[in-house]
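Participant: need a 3D model of the following:
(one chain, ligands or ions: 1)
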Amino acid sequence: MRWRASLEATCFASSQLPPEAAPEIAIAGRSNVGKSTLINTLLGTRLAHVGATPGKTRSINFYSVQCSVPFRLVDLPGYGYASRSKTERSEWSRLIASYVERRRTLCLICHLVDFRHGLLGNDRALQEWLGDCGKAILVVFTKADKIARGRHRTMLQHYVKEGLRSIDVPIVTSGENRAGIEELQAFIERFLSDSATGAQGHPDH
Ligand code: GDP
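Facilitator: Presented below is the predicted three-dimensional model:
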């Protein structure tokens, strides 16, 4: 079933978060990792702003998605943009922390990681914090088209071996050639339907 989506809310402060309703799946990652591109490809729209000045998007955006199990896709602001001021950085962490730590309807965080680089220092810090909050993480690699197809398997095995938190085998995607997009959509729909029926998740990888 093709996904249909609309922008439901844009929040700059925790007081603006919409009331908890549908299950939420958040998308997080470093600035420039390809988050907006992936969101647009998943949703089949141009709702997210691609190529925005790195570090400029500080809002949390909620998209209402219609598919086999309706849910909200939550676009978290990118992190790791060096020239952002300390005050901005701490505002960013306050907003994210109040959302991630308190949101009962948040059931999964897709952690986007550039397939060329693997997990960098701040990606690992994010994983540790999310894990400590007890949130389920799925690693989703982006920009896979920049790596020769024949190397994908070995690279994926290498990253998994190096250690990462992910409730299932990471999904390797590209917004450029749509690789892995249907696989990710299917994973999300399955995850939502399993959560709705109370089925257990998978062990960490
Ligand atoms: P965001 O800052 O994480 O939202 O990243 P964007 O989606 O704005 O993408 C940052 C840059 O990477 C843009 O120039 C995109 O065109 C490019 N980009 C994003 N996804 C892909 C991809 O899958 N493949 C390639 N080759 N480039 C991508």
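
Participant: the ligand contacts on the protein?
Facilitator: 29, 31-37, 50-51, 78, 142-143, 145-146, 174-176 (CB under 6 Å from any ligand atom). All C-beta atoms are positioned from the backbone trio N, CA, C, and that covers glycine.

Participant: I'd say Tyr63 and Arg4 touch.
Facilitator: No - with contact defined as CB atoms under 8 Å, Tyr63 does not count as touching Arg4 (10.2 Å).

Participant: more neighbours, those two?
Facilitator: Between Tyr63 and Arg4, Tyr63 has the larger neighbour count (other CB atoms under 10 Å), namely 23 against 13.

Participant: residue contacts, that one?
Facilitator: Tyr63 sits next to 5-8, 39, 43, 47, 72-75 when contact means CB atoms under 8 Å, 6 or more residues apart in numbering.

Participant: if we use 6 Å, what do you get?
Facilitator: Tyr63 makes contact with 5, 7, 73, according to CB atoms under 6 Å, 6 or more residues apart in numbering.

Participant: which secondary structure element contains it?
Facilitator: strand 60-66 (DSSP states H and E).

Participant: direction included, what does the helix or strand that that strand is followed by pair against?
Facilitator: Downstream of strand 60-66, the next assigned helix or strand under DSSP H and E is strand 71-75. Paired with strand 71-75 in the same sheet, following DSSP bridges, are strand 24-29 (parallel), strand 60-66 (antiparallel).

Participant: now Arg94: closest residue in space, sequence neighbours ignored.
Facilitator: Closest residue in space to Arg94, ignoring its immediate chain neighbours: Ser14 at 7.6 Å, by CB to CB, 6 or more residues apart in numbering.

Participant: and if you look at Gly29?
Facilitator: Spatial nearest neighbour of Gly29, chain neighbours left out: Leu112 (3.2 Å); criterion: CB to CB, 6+ apart.

Participant: closest to Ile96 out of the contacts of Tyr63?
Facilitator: Closest approach between these and Ile96, by CB to CB: Leu73, at 16.0 Å.

Participant: and the residue nearest to the closest one when sequence neighbours are not counted, bridged to which residues?
Facilitator: Spatially, and ignoring its direct neighbours in sequence, Leu73 is nearest to Tyr63 (4.4 Å; CB to CB, 6+ apart). Note on Tyr63: beta-bridge partners by DSSP bridges are Leu7, Leu73.

Participant: possible to save the strands paired with strand 71-75 as JSON lines with mean pLDDT?
Facilitator: Converted to JSON lines, the strands paired with strand 71-75 look like this (pLDDT from 0 to 100):
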{"stretch": "strand 24-29", "mean pLDDT": "97"}
{"stretch": "strand 60-66", "mean pLDDT": "96"}
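
Participant: reformat these as JSON lines; add distance to Ala97.
Facilitator: Below are the strands paired with strand 71-75 laid out as JSON lines (distance: least, CB to CB, whole Å):
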{"stretch": "strand 24-29", "distance to Ala97": "12"}
{"stretch": "strand 60-66", "distance to Ala97": "12"}
